[in-house]
Structure formats: C-alpha cells, structure tokens
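1. Sequence unavailable; structure follows:
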Ligand SMILES: NC(=O)c1ccc[n+]([C@@H]2O[C@H](COP(=O)([O-])OP(=O)(O)OC[C@H]3O[C@@H](n4cnc5c(N)ncnc54)[C@H](O)[C@@H]3O)[C@@H](O)[C@H]2O)c1
Ligand SMILES: [Zn+2]
C-alpha cells in the first residue's frame, strides 16, 4: 500500500474511534489498541512531514462537539497532554524543555490524572456563568446547566474577594461506586452497561435533561486556574498557589499531590501506583507540571499539547486470558466466593492466575463459563477481578458452572442469610472456615482483649488444626511451660512474646462476664446485648439454662436473639462446665440497682388467680424484669398484678391509686 494511503486510512480510523469514544461514549477498541493506531499515524507524519495532512486528527484533540448543545469557542484552547511511560521518558522531557530555558530551576507540581472528561468553568465576579466541554480543543459544548448539578462545582465562589474573571478547568468524573450502581440500574432496565466510569461520566454530561445529570451524582476536581489582572499572579509558586487558592474559593482538593524536583515527582509516581487504587475513582496516571507560571508561559504549547506538562501513564491494569476453572472459596464470614482459575497472564508487573467473581449473581450476570476468554482487571483489592467476557465469547456453547449445594469446607448447608443478600454463605456457624474470624473476634478489643493474639498468630494456630473452638486456646494453660514452648515454636514468635500471650490468656480467665458472653460469638449477640445478658444472668450456667421467655424478658432481647442464645447453648451444652474445667471464672457484674431492666424501681405485689402463671412464677418474672416483690400492698407499692378473685389487696391498691395490671400486661414484656 502507498504510504499516503496508509496514512489516510489511519487518519480515518483515528477519527472514527475518537467519534465512538468521545461522542458516542461507546469505544470498540481498548485504549492501548487505539493508542497504537494514533502512534503509528503520528510516527509516519513525523517521518514524512511532506505527506502529512494539515487536517489530520493528530493536530486536534478529542472530537468535534455534538449536536443538541450550543457550541462555545474556548478563549484559550483546551489541549491534551503528552505521555510518558518511564523515568527515561520523563528525564527526556525535562532535558527537552530545559533547552528552551536553560537557566530556569526545574520545580514541578505532581497531580493525579483523573480519568474523566475535562470541563472549563467561567466565573464572572465570583459567579459561575458558563461551563464548556473540551470538544475538539477549540470549540466545545455549552453544558452550564449540567455543570450546575455537580455538588463539587461552586455556583458562587466562597470569600469576599475574587477576581473579576476566572476560568477553572478540571475533570468531571464518576466514582466507581456510582458507576456500579448505575450499571445495576441499567441491567434492571435491560439497557447496555457503561464500559467504564469515564464513559459513564462523559455520557452523563451529554444528557439534555439536567435533572437526570443530577441523579447521576458526578464529581469534579480542578487542575487549572486562569485569572485576569484583577488578582495577583502567583508566579513561581504558580500551580501550587493557584490550587490552594481554588480550595479557598470552595473547590475540592486533589486527594494526592506533591511539589518539588523531578526526583520528588518520581517518588510520588511510585507511591501513587498503589495508593491511587483505593481512592474510589479511576486515575490513569500522574500529571507533572512546571510549577512557575511565568516559565509555563515561556515554554508555551504545540498545537496539541503544552510543553510545560506531561502525563505519566501507569501500565494498563487490564488483560485478557482464559478461564481454566471455577472454584469456590469460603471466607471468614462463611461467604462463598467464586474464583476464576486463569491461564497465567502478566498484569502491571505481576503474574495473575486467579480472579474473583464476587458472588453467584455476578457469575450469572457475566454468563461466564469455563473456557471463556475474559478481561481481568487489577484494582484496589488484593485479588484481581473478572470484568467482562471478551466480545464474541458469549455465543460459545459451554456448560454453565454449577453453584455448590454444600459448603466446600465443611459440607454444611449453604444459602442466603437474608433475602436481600446476593452472596451465598455456609450456614453452619461452626464451619472451620469461620474459625479464624471467630478466634480474632474472641480475642479482639471489644471481647476478651487478649493482647498479642493478632492475625498472623491466629492464622497459624488455626492452621495447626489443634484448636476446634476459640476457647480451646485455654488448653495451652494446662501446662504453661509446654504452652510457651508451643507458641514460641511458631513463626515470628519469640519466647518473650509467647510468655506474654500466655499471661494474657491467663488474665482473660477472670474477665467480666459480659466480655465472655460477647466473646463466645453467639449469633446476634453484640457487646451491648452481652452486657444486658450479664446483668440479668449472674453466670454462664444461669444463661445456659434460661428459657426463651426469660431471655426475652431482658431489655432489648427479642425473640430472634433469645432463640439464637438458646440454639448456641443447645449446640454447646457442656460449655459452662468445660470452661470451668479450664479455670475460667468470668467476673459477674457488681450487684447494682439493675437499673437497665424494664421494671427497675417498681415495688410489685401479685394477687388473685392468674390465667396461666402461678403466683410464684409471676413473682419470679417480676423480679427478673427488675421489680422488687413484696407480699402486701402499702404506700410504697407501685404496681399490683391482679387475677381472678382478687380481694382486699385489689381494693386497697385501688384506694391508694396504685396501677393495677393483669397477666397479659406482664407477658407483654416477653414473659
Ligand atoms: N478506546 C478508544 O477507542 C479511544 C479513542 C480515543 C481516545 N482514547 C483514549 O483517550 C485518551 C486520550 O485522550 P485525551 O486526548 O483526552 O488525553 P489524555 O486523557 O491522555 O490526557 C489529557 C487530559 O487529561 C485530563 N486530566 C486529568 N487530570 C489532569 C490533571 N491533573 N491536570 C491536567 N489534565 C488532567 C484532562 O482532561 C486532559 O484533557 C487515551 O487514553 C486514549 O487511549 C481511546
Ligand atoms: Zn462450611
């Protein structure tokens, strides 16, 4: 093919894909594929300037504005950025601009490169008057109403003094969370998903209905400020001072940035490689800018990019590979997570062999089968995830993966713990997969607070298979010397720390009863409920034999909690005795006024024949509810529980104006 034809064809492709990307927000190529096309064209134009088309898309940024919006010309063009992929690229860039200003000291600002779409905001006397998209760099779409819906964009600048005219440029974007929510809504309506948050943000800004834009909850972060002579120029402190000034006027601060030499910038790039992944929104690099505004002006720009700034781009976090199998992992809370076993693939410098599929619903949504080729992505989480099937794969005839009917760890029943939940869980509370979590809870701050019982140690203890239940740890105290030797033999455990752990266990034996009840990990019993139970039952033995009715008489204990306590006691009938044999003697709460109970402070009398309760039972229930029970009505009596054939006591109570209640009322407390 003629070189000229190849160049024309490349230009045509670049235009087409830019249109799909910038205008339709529906790219068909990956960024890397697109970049390769654009680079080829750019390289050919550089090598053969005589063949270059003066209207080549490489001389423009973005794409022409879409119909439907009024168009606006930018007073100062909105440019793109040159890219760097390595330290060498950055040093070459520095060397290049320094040729134009050899005496200037290289000082820079580093900012995150937020992956959204650029927007130019114009303020007059502190009021937002116009918002325009980048468009093709010269002319963009007027989207002021849409911009007004974005909470991060001040409609009026904060503060008394502001420049006459101010232009603020920055990035409009969508958080990952909102993007996922939007896609769920679109799934539900059968609409196509947004490929990524950037496409979603860009599509949103082009909606003609600003209420709909508001509903999407876009965000905005500024990266440039240009003001007129009514406000002093910060010169050397340029970018740093301008951004600080914008914050004072009410803009949001970039979550990470730095100022300094190129070496400082390189360090920033390194620390942000990981840190940026946890921000909750997408960034695809770091932008390095010459700090000094006067120097920026001297260096100027080409027709497409400024010479005083460069974008360092992190290696792509996505890759494609083949699914070799699907396994199910039981998490610490019993959650079953499908994991894709993959043909090994390099992503951003490490080899990936497994990727999470989150849950059974996600597996179904993706329509994933063993054998499919998929896109995987490394994000803020430890394990990468499968994001989509490679186009065309969905039509292949492969068997659907099976959802496990039983827990792969313990064979126990699996199901959803409540209707709303999308995850399936192992429903066996004693599943060994949950033991680590149970031990960590057992020794945790709010429970027994056993110092030294950290994650690394617990993992080893559980892996040893020596402890089936958290409280089995106390068997180490039977022969303290052997216990210390055992612990000291574990990884990262010195003799001294082993002794400390044993001492902490020893001290835990007499910790308050409420902490013990909490530590056991009875489903639905948190720290507060444990405290109330400890107030009502002076020992584990007493708690173990309590009927549901008695349990429900305790404040804040409803039928669900009561039955959970019963179920736990039934599952471990000998636990109080077992613990006692291990030398465990929880300290009951000091006998106080039982202030927390429903009838605390009441002085009650029972009289007459109650429909179902004997007098003794009614009295016991009253006491359990916190009331003091006496035999005769006096001025001190505050409550009379009366049944059939009540005689003189009822009359006296009525005479004294003491409230009279029946058994149904008493049972209303759960008795
Ligand atoms: N997949 C496709 O088909 C397709 C097509 C066209 C373009 N693209 C992709 O679009 C990108 C090129 O787009 P581009 O020309 O907008 O360039 P760019 O996104 O690489 O960089 C320039 C933009 O970065 C933004 N930016 C974010 N944070 C910034 C900060 N702190 N300071 C300054 N600017 C900041 C600005 O909006 C600026 O316009 C490439 O990644 C390319 O792969 C993909
Ligand atoms: Zn299980």
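-> Done, it's in. Here the structure is a predicted model, which is why all the values come from computation and not from measurement. Ligands and ions are numbered 1, 2, ... in the order given.
2. For the residue in the stretch 301-450 of the chain positioned nearest to ligand 1, grab phi and psi.
-> Residue of the stretch 301-450 of the chain nearest ligand 1, by CB to the nearest ligand atom: residue 311 (5.4 Å). Heads up, the C-betas are built off the backbone N, CA and C, glycines and all. The phi/psi pair for residue 311 (degrees, to the nearest 10) reads phi -100, psi 120.
3. likewise residue 377?
-> phi -140, psi 140.
4. Okay, and the beta partners of it?
-> residue 318, residue 385 (DSSP bridges).
5. dump the residue contacts of it.
-> 317-318, 347, 384-385, 387 (CB atoms under 8 Å, 6 or more residues apart in numbering).
6. roughly how far apart are residue 298 and ligand 1?
-> 19 Å (CB to the nearest ligand atom, to the nearest Å).
7. how about residue 182, secondary structure?
-> State at residue 182, reduced to three classes by DSSP: H, G, I helix; E, B strand; the rest coil: helix.
8. need the contact list for residue 597.
-> Neighbouring residues of residue 597 by CB under 8 Å, 6+ apart: 535-536, 554-555, 624-626.
9. again, 7 Å this time
-> 555, 625-626 (CB atoms under 7 Å, 6 or more residues apart in numbering).
10. any chance of those residues in TSV, plus pLDDT, distance to ligand 2 and neighbour count?
-> Output for the contacts of residue 597, formatted as TSV (pLDDT from 0 to 100; distance: CB to the ion, whole Å; neighbours: other CB atoms under 10 Å):
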residue	pLDDT	distance to ligand 2	neighbour count
555	83	34	18
625	85	39	23
626	84	41	23
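11. Tabulate those residues in JSON lines, adding columns for distance to residue 129 and secondary structure.
-> Below are the contacts of residue 597 laid out as JSON lines (distance: CB to CB, whole Å; DSSP: H, G, I helix; E, B strand; the rest coil):
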{"residue": "555", "distance to residue 129": "60", "secondary structure": "coil"}
{"residue": "625", "distance to residue 129": "68", "secondary structure": "coil"}
{"residue": "626", "distance to residue 129": "67", "secondary structure": "coil"}
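12. still on that earlier bit, selection in ChimeraX covering whichever of the contacts of residue 377 are buried, please.
-> ChimeraX command restricting those to the buried ones, with burial defined by 16 or more other CB atoms under 10 Å:
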select :318,347,384,385
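13. Tell me the residues of the protein that contact ligand 2?
-> Contact residues, the chain versus ligand 2 (CB under 5 Å from the ion): 407, 409-410, 412, 426, 428, 431.
14. Keep only those of those that are in strands.
-> Members of the residues of the chain next to ligand 2 lying in strands (criterion: DSSP state E): residue 426.
15. Quick check: the farthest pair among the residues of the chain next to ligand 2?
-> 409 and 428 (8.8 Å; CB to CB).
16. Residue 289 - that's part of a strand, no?
-> Yes - Residue 289 forms part of a strand when assessed by three-state DSSP.
17. Closest to ligand 1 out of the contacts of residue 597?
-> residue 555 (54.8 Å).
18. Quick check: the residue of the stretch 301-450 of the chain closest to ligand 1 touching residue 79?
-> No - using CB atoms under 7 Å, residue 311 is not in contact with residue 79; the gap is 11.4 Å.
19. Point out where the protein drops to low pLDDT.
-> Residue ranges of the chain with pLDDT under 70: 1, 380-382, 591-595, 670-671.
20. try 50 this time
-> 671 (pLDDT under 50).
21. which SS state does the most centrally placed residue in it fall under?
-> Centroid check for the chain by CA atoms, centre = their mean gives residue 280 as the closest residue, at 7.6 Å. Secondary structure for residue 280, judged by three-state DSSP, is coil.
22. Kindly check the end-to-end length of stretch 213-221 for me.
-> End-to-end distance for stretch 213-221, by CA to CA, to the nearest Å: 17 Å.
23. Run through the bridge partners of whichever residue of the stretch 201-350 of the chain sits closest to ligand 2.
-> Nearest residue of the stretch 201-350 of the chain to ligand 2: residue 330, at 5.6 Å (CB to the ion). When bridges are called by DSSP bridges, residue 330 pairs up with residue 336.
24. just checking, it touches residue 410?
-> No - the pair residue 330 / residue 410 is not scored as a contact, 8.1 Å apart, by CB under 7 Å.
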